[in-house]
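# below are the sequence and a predicted model for it; my questions follow.
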Amino acid sequence: MLQRFRKIIPLLVVLVVAQWPASSGQTPDDANALLLQDARLIVGDGSVVERGSILITGGLIAAVGEVAADALPENTRIIKLQGKTVMPALIDAHAHLGYEGHSGWGSRYYSRENLIDHLQRYAYYGFAAVFSAGSDPEDLVLALQRSQRRREFEGARLLFAAGMAPPGQGPNNQFLSHAIALAEQTGMTILRGLETPPQARQMVKEVAAKKIPFIKIWVDDRGGSQQKLDPELYRAVIDEATENDIKVFVHQQFAEDMPDLLEAGVSGFLHGRIGDGFSEAIARQSKQADAFIIPNLGLAELRREAIGEDEFLRASIADAVAERLTGISSQRQSNPLRNTDAEAELQRGFARLLNAEVDIVLGTDAGALPDHFFGYSGHRELEIFVRLGMTPMQALMAGTSKPARALGLHDMGLIEPGMSADLLVLDANPLDNIRNTRTIARVYLRGNEVDRNAILEQLVRRYDSQ
Ligand SMILES: [Zn+2]
């Protein structure tokens, strides 16, 4: 790996110097060159550079590996990182932004300001991007994305999907009523009801006209509480979406729907249920179809745990919220005993995914329920991946390059020249212990260091004002 970088560097440095001549004077802040020097680099593709540097210019990674001092652009700022580990910033491929209000949860908290708060929480926890899965007022989020591209605020990059389901359906019942209320509140579309194949195609064309590159469909009947999405309808959606270069992601609770959905051409599963129903044959079919699976395990597990006792979370939430989530003041357990049968079943399902080399992707469903926290839950999900049989390296890939690929983020998830400089600097090596992703020293998004302290102050102030 190091060899490959050595070859790449001289050419790239020349390009960089040509692009930003020292005489250009008032270059934008992010055009100034920055060298992150002498750290362990976890590239994101499974390789490690034990000691290397990263040259950043214009918000992009310009060179990686050994960068000679005389090859640096003039006025390059150098940050010495001996003993530290640098990895690509994380990506959460399944969340629901906007509804979590910290002192409460629901449509009344949803606002542009609250979305920015959530994106900043993600940035604080070392995330470069987050995918909000089918629960957002489209026009509001499209406007926020434009604002983010103009760099009007700092935070993780926001992606979202248009939601589609049988008419009047979609997320679970509590969430559904809030999504419907929010659609009324804003007068904007959140969920589209699917009735007939031609009408379903028309819905997809509407989404394509708005240039939304993702559709989320809800397929299963939620244990009989909702109507199942007819295969004729999801086939029409997926077919029309493929025509329009839109990826379709699925919410499905049971493995039995997966073979037909894969055959229809879905890009991935947002709740890959990996119990015993998830057979070796489905794993192989997923791999062949190049569909990713988000196991989404922390959603069930963390709700039973006394997470208010965890300092890593506690730093970013109000004391009153933390206390509500401790073992003393709730039903949550400080040391939850895992049901060993369920754990063994999960491990078997996880092994089938790993053996078939299916792309396992980090996704948390954070924000879908009260107290399922942005950013924090992502680090916990990686721990669960390792507990169930991944190596730390595999887990880190599941949190970086794999979600980048799943979401079509071609400039993210790897420490390579040309990539957006979205980086996480850690005090300790997560390859030794996956929990070391918590030892965040610095976060860079698009080459700019995230002011984590300022974000934290602002988040805590917001709690006090509520
Ligand atoms: Zn969800």
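Arrived safely. Numbers count the residues shown, from 1 in each chain.

# only C-alpha atoms for contact and neighbour calcs from this point on.
OK.

# gap between the two ends of stretch 189-208?
Stretch 189-208 has an end-to-end distance of 14 Å (Cα to Cα, to the nearest Å).

# state the mean pLDDT of it.
Confidence over stretch 189-208 (mean pLDDT, whole number) is 97.

# show me where the stretch 251-400 of the chain has helices.
In the stretch 251-400 of the chain, the helices defined using DSSP state H, counting those that start in this stretch lie at 258-264, 280-288, 298-301, 311-314, 319-324, 340-355, 376-387, 392-398.

# next, format those as a markdown table and append mean pLDDT, mean neighbour count and distance to residue 200.
Formatted as a markdown table, the helices of the stretch 251-400 of the chain follow (pLDDT from 0 to 100; neighbours: other Cα atoms under 10 Å; distance: least, Cα to Cα, whole Å):
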| stretch | mean pLDDT | mean neighbour count | distance to residue 200 |
| --- | --- | --- | --- |
| helix 258-264 | 95 | 17 | 15 |
| helix 280-288 | 95 | 18 | 25 |
| helix 298-301 | 87 | 16 | 31 |
| helix 311-314 | 95 | 15 | 42 |
| helix 319-324 | 89 | 16 | 42 |
| helix 340-355 | 90 | 17 | 32 |
| helix 376-387 | 97 | 22 | 34 |
| helix 392-398 | 98 | 25 | 33 |
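
# where do the helices sit along the stretch 51-200 of the chain?
Going by DSSP H, counting those that start in this stretch, the stretch 51-200 of the chain shows helices at 112-124, 138-149, 173-186, 197-209.

# tell me the buried residues in the first one?
What that stands for is helix 112-124. 114-124 (16 or more other Cα atoms under 10 Å).

# same question, the longest one
Neighbour-count burial for helix 173-186, counted by 16+ other Cα under 10 Å, picks out 175-180, 182-183.

# for the spatially closest residue to residue 145 that is not a sequence neighbour, give the beta-bridge partners.
In space, and not counting its chain neighbours, residue 145 is closest to residue 158: 6.6 Å by Cα to Cα, 6 or more residues apart in numbering. Judged by DSSP bridges, the bridge partners of residue 158 are residue 130.

# look up the pLDDT of residue 158 for me, please.
Looking at residue 158, its pLDDT is 98.

# now the one 10 residues further on
Model confidence at residue 168, given as pLDDT, is 88.

# and what of residue 22?
Looking at residue 22, its pLDDT stands at 35.

# now name the helix or strand holding residue 37.
For residue 37, the enclosing helix or strand under DSSP states H and E is strand 34-42.

# I would like the residues contacting that strand, please.
48-57, 76-88, 415, 447 (Cα atoms under 8 Å, 6 or more residues apart in numbering).

# partners of it in the sheet?
Counting by DSSP bridges, strand 34-42 is paired with strand 48-57 (antiparallel), strand 77-80 (parallel), strand 85-88 (parallel).

# I'd like these as TSV, with mean neighbour count and distance to residue 260 appended.
Formatted as TSV, those follow (neighbours: other Cα atoms under 10 Å; distance: least, Cα to Cα, whole Å):
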stretch	mean neighbour count	distance to residue 260
strand 48-57	23	39
strand 77-80	14	52
strand 85-88	30	35
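
# who wins for proximity to residue 310 among these?
strand 85-88 (23.1 Å; Cα to Cα).

# centre of the chain to the closest one, how far?
16 Å (Cα atoms, centre = their mean, to the nearest Å).

# next: stretch 343-352.
For stretch 343-352, the distance to the chain centre is 23 Å (Cα atoms, centre = their mean).

# ok, stretch 399-414 next?
The answer for stretch 399-414 is 9 Å, by Cα atoms, centre = their mean.

# now do it: distance from first to last residue.
End residues of stretch 399-414 are separated by 11 Å (Cα to Cα).

# what residues are up against the residue nearest to residue 145?
119, 129-132, 145.

# same question for residue 254.
Contacts of residue 254 (Cα under 8 Å, 6+ apart): 220, 273, 277.

# gap between the last one and residue 330?
Separation of residue 277 from residue 330 (Cα to Cα) stands at 33 Å.

# of the contacts of residue 254, closest to residue 322?
Using Cα to Cα, those come closest to residue 322 at residue 273, 29.8 Å.

# dihedrals phi and psi, the closest one?
Main-chain torsions, residue 273, degrees, to the nearest 10: phi -80, psi 110.

# shouldn't it be in contact with residue 300?
No: applying Cα atoms under 8 Å, one finds residue 273 not in contact with residue 300, separated by 11.8 Å.

# now residue 135: how far from residue 42?
34 Å.

# now do residue 204
From residue 204 to residue 42 the distance is 39 Å (Cα to Cα).

# and these two? which has more neighbours close in?
Applying other Cα atoms under 10 Å to residue 204 and residue 42 shows that residue 204 carries more neighbours, namely 28 against 23.

# contacts only, for the more buried one.
237, 240-241 are the contacts of residue 204 under Cα under 8 Å, 6+ apart.

# so where is the protein shaky, pLDDT-wise?
1-31, 337, 463-466 (pLDDT under 70).

# nearest residue to the middle of it?
residue 92 (1.3 Å; Cα atoms, centre = their mean).

# residues in a beta bridge with it, which ones?
On the basis of DSSP bridges, residue 92 takes part in beta bridges with residue 130.

# and it, what is it in contact with?
So residue 92 contacts 127, 129-131, 362-364, 375, 378, 399, 403 (Cα under 8 Å, 6+ apart).

# which of those residues count as buried?
Those of these that meet the buried threshold are 127, 129-131, 362-364, 375, 378, 399, 403, by 16+ other Cα under 10 Å.

# tell me which two of those residues sit farthest apart.
Based on Cα to Cα, the longest span within the buried ones among the contacts of residue 92 runs between 375 and 403 and measures 14.7 Å.

# ok, residue 445 touching residue 422?
Yes: look at residue 445 against residue 422 with Cα under 8 Å: they come within range, at 4.3 Å.

# anything in contact with each of these two?
Common neighbours of residue 445 and residue 422 (Cα under 8 Å, 6+ apart) are 89, 128.

# more neighbours: which of the two?
Per other Cα under 10 Å, whichever of residue 445 and residue 422 has more neighbours is residue 422, with 30 against 25.

# ok, the residue nearest to residue 101 when sequence neighbours are not counted to residue 172 distance?
The shortest distance from residue 101 to any residue other than its chain neighbours is 5.3 Å, reached at residue 109 (Cα to Cα, 6+ apart). Using Cα to Cα, residue 109 is found at 18 Å from residue 172.
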